[in-house]
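**Student:** generate coordinates for the sequence data below:
(chains A and B)
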There are 2 protein chains.
Amino acid sequence: MKPLSVRLSGVPKSSIRKLFDLLTQEDAISLGIGQPDFPAPQAVIDATIAALREGKGSVYAPTMGIPRLKAIIAQKLQKENNIAADPEKNVMVTNGGSGSITLAFAAILNPGDEVILFSPNFLSYFYVASYFDAKAVEAPRRPDFGPSLDALEKLVSPKTKAVLINSPNNPTGYACSRAEIEAIASFCIEHDLYLISDEVYEKIIYDGFTHVSPASLDGMADRTITLNAASKTLSLTGFRVGYLCAPEPMLPLMENYIQYTCAGTNHPCQYGVAAGLEQILKEPASLDPVIKAYQKKRDACYARLNEAGLECPKPRGAFYIMPRVDATGMDGAAFSRRLVESSGVAVVPGGGFGKYSANHVRVSYAIDDLKLDDALSRIERFVKSGK
Amino acid sequence: MKPLSVRLSGVPKSSIRKLFDLLTQEDAISLGIGQPDFPAPQAVIDATIAALREGKGSVYAPTMGIPRLKAIIAQKLQKENNIAADPEKNVMVTNGGSGSITLAFAAILNPGDEVILFSPNFLSYFYVASYFDAKAVEAPRRPDFGPSLDALEKLVSPKTKAVLINSPNNPTGYACSRAEIEAIASFCIEHDLYLISDEVYEKIIYDGFTHVSPASLDGMADRTITLNAASKTLSLTGFRVGYLCAPEPMLPLMENYIQYTCAGTNHPCQYGVAAGLEQILKEPASLDPVIKAYQKKRDACYARLNEAGLECPKPRGAFYIMPRVDATGMDGAAFSRRLVESSGVAVVPGGGFGKYSANHVRVSYAIDDLKLDDALSRIERFVKSGK
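**Tutor:** Just a heads-up that it's a prediction; the model follows:
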């Protein structure tokens, strides 16, 4: 038989998905997946059901998304992110956050291009770049997981097409300050680079932190692609509905790409997402209890992991924390494997998030308080006694 | 600003989607889109609503699809297509038929590879191939739109990686006989080629025709990718849920591709599709009224278009008919533009389906009988009087 795709043959299976295969114990606890543990707003479910009953499942959605959802996204961008977006020229609906990443890369990358990102970072960026024959170049984060401008300066070259930031960040929990966002934006303007800003965790921020969208800064609207999704904010990972805001010249390219590769996005669920985003626009405080619950979980993880000798900076957002584990004599891969085998707790080896995090693991704390407490106790026991 | 993607910049907007922009008249009738005009089975809607209420929208589906749906697909392939498929090793759920095409191409194509298809054919094949730096090579169809083995022989080269068939076919309505499928399969074995078989219209066949799946033929299972979707059979174009059956070595590549580019497929809707496929498996006759209704529409189109001097072969399947229009002194593009402007009827110019159909237009007859009758009358008037 003739050879299969060389591009795809080198791509490893997601270390997160691999982990699930190991979770065979009956009382296993996964701190492995990035999925909210609260239910989606009832308004989302009701609006989706109404759309299903109206027959929207039997009709293609417009390729770029239904007008109602695009209009609400534009309102949301204006009000929450201070981004002026024309719903017909800058906004489109995608197949989830991953679909947004794919479209951003599809629109701007040519073979040989490089995208600089801070490492560790979300693993899809690396592989989706490779699907377009481009390369994700890793700029090491500071020890507190903040972005290093020095590292950017060292890595930029004529091959560099874009910088990508994901703030608040998966897997580190770091969120960039206004000053950091401004510095990265200036760097992009100075070097004529696009900026891809993945903001799927924008709402999950702690300690009064303020999220800043780079597309809102002077001179950035025409070089910034803002990625987002319903998945994390509305607890809708199962919907695969995301969205993006991009400079006008990119949209026709993205339209053709999504048209031929997916023929658009699930139609009835777009009505649900529109209802959910509208509700948050009207009652921003409706998310407060969720964020407060996450913050409590974050506090528990931060305190107990550090106390157990697994050193980690305090996350400012998202629902991940990323301790170093090499003080145990194990790297992230060994720690993760032995922890799941001996204690039935799954955490993701840091090596899956780039070359600077082999000695880390990612802990997702978006689970029930009692389970989280149990899992942290098992980790403490495992670190102390090796079992 | 740096240049955008060269790969994507050359791709035109779908001529079908462009057509919609012209449909401004209040009494306009679109014969433009490939979308069934009957409602989805109630069982689909009910099962999807139940899954939504159970919270499946808040949980990622397994990357390859939910086990229940994969099991039913494997049963369906065995019973209806005579294909032996292991639900865990050969079957996956995709983002619609277009998602299936993308995954098939992603898994087997390397830059410079060629896929031979019979032309005219569905336009996505051309563009998705180009996204992987491969090329769709057009083998001209016979005058009756049947496949020409001679054309295959002339075009095959060391660059050829696969043959692609779409039977029953969009846009021609042609469906391959068993003998034709066997001949194409032998050709693939002889030249060590993969065969991509897009069977989304398998159920929409007329005059007692029997659909044959090439993966059921001796020696073909390990070189055939069978593509399908819920869209046409269950009237679920708005769900974007498709599926495919492929040789075992391809599945891990497809899994990584869908994982990083889309993170899987809409979760609640998979339960709906499972219920719909199960119902058809149990009561195959439940589709009969739909097919009968399509056949009546086909008969009307075939008789009246030919009578009006727009010559076309009798379709054996799908819900398209593709008349030549050059007897009117216009090519397909001019005919389509002037017809929509003067009569408010949209048909798709044949040039969008390849280089051998510039003098044709595609008529989709999946619309209400009265509207179809009205549209055919307007076409007759337009051909006679030019308005």
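
**Student:** tell me the first helix or strand C-terminal of the strand or helix carrying A:Gln78.
**Tutor:** Taking DSSP states H and E as the criterion, A:Gln78 maps to helix A:67-81. Reading on from helix A:67-81 to the C-terminus, the next helix or strand found by DSSP H and E is strand A:91-94.

**Student:** pLDDT of that following strand, averaged?
**Tutor:** For strand A:91-94, mean pLDDT rounds to 98.

**Student:** residue contacts, A:Arg378?
**Tutor:** A:29, A:339, A:343-345 (CB atoms under 8 Å, 6 or more residues apart in numbering or on different chains). C-betas here are computed from N, CA, C, even on glycine.

**Student:** possible to save these as TSV with secondary structure, pLDDT and neighbour count?
**Tutor:** Shown next, in TSV, are the contacts of A:Arg378 (DSSP: H, G, I helix; E, B strand; the rest coil; pLDDT from 0 to 100; neighbours: other CB atoms under 10 Å in any protein chain shown):
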residue	secondary structure	pLDDT	neighbour count
A:Ile29	strand	89	22
A:Leu339	helix	94	25
A:Ser343	helix	92	20
A:Gly344	coil	91	19
A:Val345	strand	94	26
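
**Student:** which of these lies closest to chain B?
**Tutor:** The closest of the contacts of A:Arg378 to chain B turns out to be A:Ile29 (CB to the nearest CB; 16.2 Å).

**Student:** need the residues of the stretch 201-350 of chain A near chain B, please.
**Tutor:** The stretch 201-350 of chain A comes close to chain B at residues A:222-223, A:235-240, A:249-250, A:252-253, A:255-257, A:259-269, A:272, as judged by CB under 8 Å from any CB of the partner chain.

**Student:** give me the secondary structure label for A:Asp255.
**Tutor:** Careful, residue A:255 is Glu and not Asp. Secondary structure state of A:Glu255, per DSSP: H, G, I helix; E, B strand; the rest coil, is helix.

**Student:** what score does it have for pLDDT?
**Tutor:** Per-residue pLDDT puts A:Glu255 at 95.

**Student:** surely it meets A:Met92?
**Tutor:** Yes - under the criterion of CB atoms under 8 Å, A:Glu255 makes contact with A:Met92 at 7.1 Å.

**Student:** which neighbours do the two have in common?
**Tutor:** Shared contacts of A:Glu255 and A:Met92, defined by CB under 8 Å, 6+ apart, are found at A:Met64.

**Student:** and those two? Which one has more around it.
**Tutor:** Neighbours were counted for A:Glu255 and for A:Met92 using other CB atoms under 10 Å in any protein chain shown; A:Met92 has more, 29 against 22.

**Student:** just grab the bridge partners of that one for me.
**Tutor:** Under DSSP bridges, the beta-bridge partners of A:Met92 are A:Leu244.

**Student:** you'd agree it is up against A:Leu244?
**Tutor:** Yes - using CB under 8 Å, A:Met92 is in contact with A:Leu244, at 6.0 Å.

**Student:** give the residues shared as contacts by the two.
**Tutor:** If you check A:Met92 and A:Leu244 against CB under 8 Å, 6+ apart, the residues they both contact are A:103, A:254.

**Student:** show me the helices in the stretch 201-350 of chain A, by range?
**Tutor:** Per DSSP state H, counting those that start in this stretch, the stretch 201-350 of chain A carries helices over the ranges A:230-233, A:251-261, A:267-282, A:288-307, A:332-343.

**Student:** how about those in a markdown table, adding distance to A:Phe209?
**Tutor:** Output for these, formatted as a markdown table (distance: least, CB to CB, whole Å):
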| stretch | distance to A:Phe209 |
| --- | --- |
| helix A:230-233 | 16 |
| helix A:251-261 | 31 |
| helix A:267-282 | 18 |
| helix A:288-307 | 10 |
| helix A:332-343 | 27 |
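
**Student:** out of the ones you listed, the one nearest B:Ser98 is which?
**Tutor:** helix A:251-261 (6.0 Å; CB to CB).

**Student:** quick one: contacts of the closest one?
**Tutor:** If you take CB under 8 Å, 6+ apart as the criterion, helix A:251-261 is touched by A:63-64, A:89-90, A:92, A:94-95, A:99, A:102-103, A:106-107, A:244, A:246, A:264-265, B:4-5, B:8-9, B:11-14, B:17, B:98-99, B:101-102, B:123-124, B:127-128, B:131.

**Student:** what about these, which are in helices?
**Tutor:** In this view, the contacts of helix A:251-261 that belong to helices under DSSP state H are A:99, A:102-103, A:106-107, B:8-9, B:17, B:98-99, B:101-102, B:124, B:127-128, B:131.

**Student:** of the residues you listed, which pair is most distant in space?
**Tutor:** Among the ones in helices among the contacts of helix A:251-261, B:Ser9 and B:Gly99 lie farthest apart (CB to CB), at 23.2 Å.

**Student:** these two - which one has more neighbours?
**Tutor:** A direct count of neighbours by other CB under 10 Å for B:Ser9 and B:Gly99 places B:Gly99 higher, at 27 against 14.

**Student:** wait, doesn't the more buried one sit right on B:Asn266?
**Tutor:** No - under the criterion of CB under 8 Å, B:Gly99 makes no contact with B:Asn266, lying 10.9 Å away.

**Student:** common neighbours of these two, please.
**Tutor:** Residues touching both B:Gly99 and B:Asn266 (CB under 8 Å, 6+ apart): B:Arg240.

**Student:** could you check how far the residue in the stretch 251-387 of chain A positioned nearest to chain B is from A:Leu253?
**Tutor:** In the stretch 251-387 of chain A, no residue comes nearer to chain B than A:His267, which is 3.2 Å away by CB to the nearest CB. With the distance defined as CB to CB, to the nearest Å, A:His267 ends up 23 Å from A:Leu253.
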